[in-house]
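> I need the structure of the sequence given here:
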Amino acid sequence: MQPPSADSSRAPAAGRDLCAERAGARAFRLAVLLGLAMIPALASAACGQSAVVPPGAAAAGSSPGSSASGSSHPSPTGSGASQATARAATAAAAFDSFDAAFYRRFKKHRTYFVTSTAGGYADFWKQAEMIEMVEDAYDSTRDPRYKEMIVDLETQFLWYYGKTWTNRIWNDDITWAVIAALRAYEITGDRQYLVLAQTNFDAMYARAWTSEFGGGMWWTTAKTQKDVTTTAPAAVAACMLFEDVHDAAYLAKAKTMYAWLRANLYDAHTGAVYDHLSHGANGKGTVVFPTPFTYNQGTFIGAANLLHRLTGVQSYAQDARRTLTWTQKNLTVHGILRSEAGAGIQNGGGFKGIFIRYAVRFARDDHLTVFEPWFALNAAAAWSHRDARGLIGQAWARPTPGGLLYSWDCSAGVVLLEVLSAP
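Predicted coordinates:
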């Protein structure tokens, strides 16, 4: 097994080929307007290919139940009541293709995700987020094979990184792993994940939350900026901890973190969620960096949704809807969520998966069916642009290139299809 690659850069690249995105996205918007709502049928009509995923031999580390060599996924077709079955089949096909390309077994009951189709070992926070991808699959299907994968992945994660994560400088990294562990606890009932999550959250919060800038969470131990990237998922984790351990202090923390975000990095008029703030030149004043990334919109929506559900305060849901609407209008090209990464291994490639996880959950919790066609539009675009291996690249509006692909980039499309297939 190769060691995890160093987190040499935490700043996402924003390279975009907008012309290519516009061309592909325009076709899918037209298709949806014509009423082609079912993902597999739309994908076939739009790109002229069958909805059947090419046969793929299961890798040595493939999950239990992955397709065997020479087998193929059935074409998920149908209409009306069978649409849910079709969506589930499409999600399963996407997951199995991802599994064959990126999921590996180190030894019995210890598995991990590789960095790319060339191998390697995905780094800490990406492992945690791809564990969440498997948790999405379980939540959508209740298939026991996904539960087994979660346990095996968490076992390897703990073996590799240990039970104390504060040796990492990135506070957001710890929070992603905390959320994955809490979801593992909620799925399996194994309290070791709850203890692990609570211990690491408490340690991270103690060093990250300070009164400077009126509160907020430091991104790293260097204490150069406070951001949505850390504070919003920490608010999500605090809500989850409140639900799991019934300690009101966690709900209070979540409310305080959210209030700080809303006051400092949220535009209450438009719904936009900015990235971070830091000191100005010579350490004087405050500078807000307004770059809007999809995952920041998503975790803000996620925190607002959980707080609305836990408190009944309607303003949280209003904030979330405002941000969801702003994202639909401003972070898309003809309705398709735009690319947030260029070539090479970058953080931005999987951001859309985090956004869509929280966006779909909020829309469905609040019965906002008006967003469903938009979600379906993105799913159709992503699925139809898969490559011959069934892998979905991070730019959903154009064909996935053959050759080297990164697991983190490809995970977002799987998350999209999995969460949309949930009953």
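
> packing partners of the biggest helix by length in the chain?
In the chain, assigned by DSSP state H, the helix with the most residues is helix 83-102. Using 3 or more C-beta pairs under 8 Å, 6 or more residues apart in numbering; DSSP states H and E as the contact criterion, the elements in contact with helix 83-102 are helix 39-47, helix 124-141, helix 372-384, helix 407-421. For every residue, glycine as well, the C-beta is placed using N, CA and C.

> report the angle between it and helix 407-421.
Between helix 83-102 and helix 407-421, the angle comes out at 160 degrees (axes from the mean of the first three to the mean of the last three C-alpha atoms, to 10 degrees).

> tell me the mean pLDDT over helix 83-102?
The average pLDDT within helix 83-102 is 96.

> and the next element down the chain from it?
Using DSSP states H and E, the next helix or strand after helix 83-102 towards the C-terminus is strand 103-107.

> quick one: strands adjacent to that next one?
Using DSSP bridges, the strands paired with strand 103-107 are strand 110-113 (antiparallel).

> return the strand it pairs with as PDB; C-alpha atoms alone will do.
Provided in PDB are the C-alpha atoms of strand 110-113 (Å, rounded to 0.1, in the frame of the first residue of the first chain):
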ATOM      1  CA  ARG A 110      -9.600  -3.200   5.700                       C
ATOM      2  CA  THR A 111     -10.300  -1.300   2.600                       C
ATOM      3  CA  TYR A 112      -9.600   2.200   1.100                       C
ATOM      4  CA  PHE A 113     -10.000   4.300  -2.000                       C
END
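
> find the nearest non-adjacent residue to G285, please.
Spatial nearest neighbour of G285, chain neighbours left out: H279 (6.9 Å); criterion: C-beta to C-beta, 6 or more residues apart in numbering.

> these two touch, right, the one you found and V288?
No - judged on C-beta atoms under 8 Å, H279 makes no contact with V288 at a distance of 11.4 Å.

> and the nearest residue to T332 once chain neighbours are set aside, how many residues sit next to it?
Of all residues not flanking T332 in the chain, R338 sits nearest, at 6.2 Å (C-beta to C-beta, 6+ apart). Other residues lying near R338 total 21 when counted by other C-beta atoms under 10 Å.

> now do R338 against A397, distance only.
To A397, R338 is 8 Å away according to C-beta to C-beta, to the nearest Å.

> likewise for A303?
On the measure of C-beta to C-beta, A303 and A397 end up 29 Å apart.

> check A234 too.
A234 is 32 Å from A397, by C-beta to C-beta.

> which one's more surrounded, the two?
A234 (30 against 27).

> who touches the more buried one in this structure?
For A234, the contact set (C-beta atoms under 8 Å, 6 or more residues apart in numbering) comprises N171, T175, F201, M204, Y205, A208, M217, M257.

> run the last query once more with 6 Å
By C-beta atoms under 6 Å, 6 or more residues apart in numbering, the contact set of A234 is T175, M217, M257.

> what's the spacing between the closest residue to L265 other than its chain neighbours and V313?
Once flanking residues are discounted, L265 sits nearest to Y274: 4.5 Å by C-beta to C-beta, 6+ apart. Distance from Y274 to V313, counting by C-beta to C-beta: 23 Å.

> who has more neighbours out of these two?
Applying other C-beta under 10 Å to Y274 and V313 shows that Y274 carries more neighbours, namely 20 against 12.

> quick one: pLDDT of that one?
In this prediction, Y274 carries a pLDDT score of 98.

> phi, psi of it?
Main-chain dihedrals, Y274, degrees, to the nearest 10: phi -80, psi 180.

> thought it was touching Y266?
No - if you go by C-beta atoms under 6 Å, Y274 and Y266 don't touch, sitting 7.4 Å apart.

> remind me which residues of this structure are low pLDDT?
For the chain, the stretches flagged by pLDDT under 70 are 1-81.

> which residues does the residue nearest to W176 when sequence neighbours are not counted contact?
Nearest residue to W176, sequence neighbours excluded (C-beta to C-beta, 6+ apart): A128, at 4.4 Å. A128 makes contact with W176, A177, A180, according to C-beta under 6 Å, 6+ apart.

> let's see the helix or strand that contains V236 as PDB, backbone CA atoms only.
Using DSSP H and E, V236 sits within helix 228-245. Provided in PDB are the C-alpha atoms of helix 228-245 (Å, rounded to 0.1, in the frame of the first residue of the first chain):
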ATOM      1  CA  VAL A 228     -17.200  28.500   5.900                       C
ATOM      2  CA  THR A 229     -15.200  25.400   5.000                       C
ATOM      3  CA  THR A 230     -14.600  24.600   8.700                       C
ATOM      4  CA  THR A 231     -17.400  26.400  10.500                       C
ATOM      5  CA  ALA A 232     -20.400  25.200   8.500                       C
ATOM      6  CA  PRO A 233     -19.600  21.400   8.600                       C
ATOM      7  CA  ALA A 234     -18.700  21.900  12.300                       C
ATOM      8  CA  ALA A 235     -22.200  23.200  12.800                       C
ATOM      9  CA  VAL A 236     -23.600  20.100  11.000                       C
ATOM     10  CA  ALA A 237     -21.500  17.900  13.200                       C
ATOM     11  CA  ALA A 238     -22.600  19.700  16.300                       C
ATOM     12  CA  CYS A 239     -26.300  19.100  15.300                       C
ATOM     13  CA  MET A 240     -25.600  15.500  14.700                       C
ATOM     14  CA  LEU A 241     -23.900  15.100  18.100                       C
ATOM     15  CA  PHE A 242     -26.800  16.800  19.800                       C
ATOM     16  CA  GLU A 243     -29.100  14.200  18.200                       C
ATOM     17  CA  ASP A 244     -26.800  11.300  19.100                       C
ATOM     18  CA  VAL A 245     -25.800  12.100  22.600                       C
END
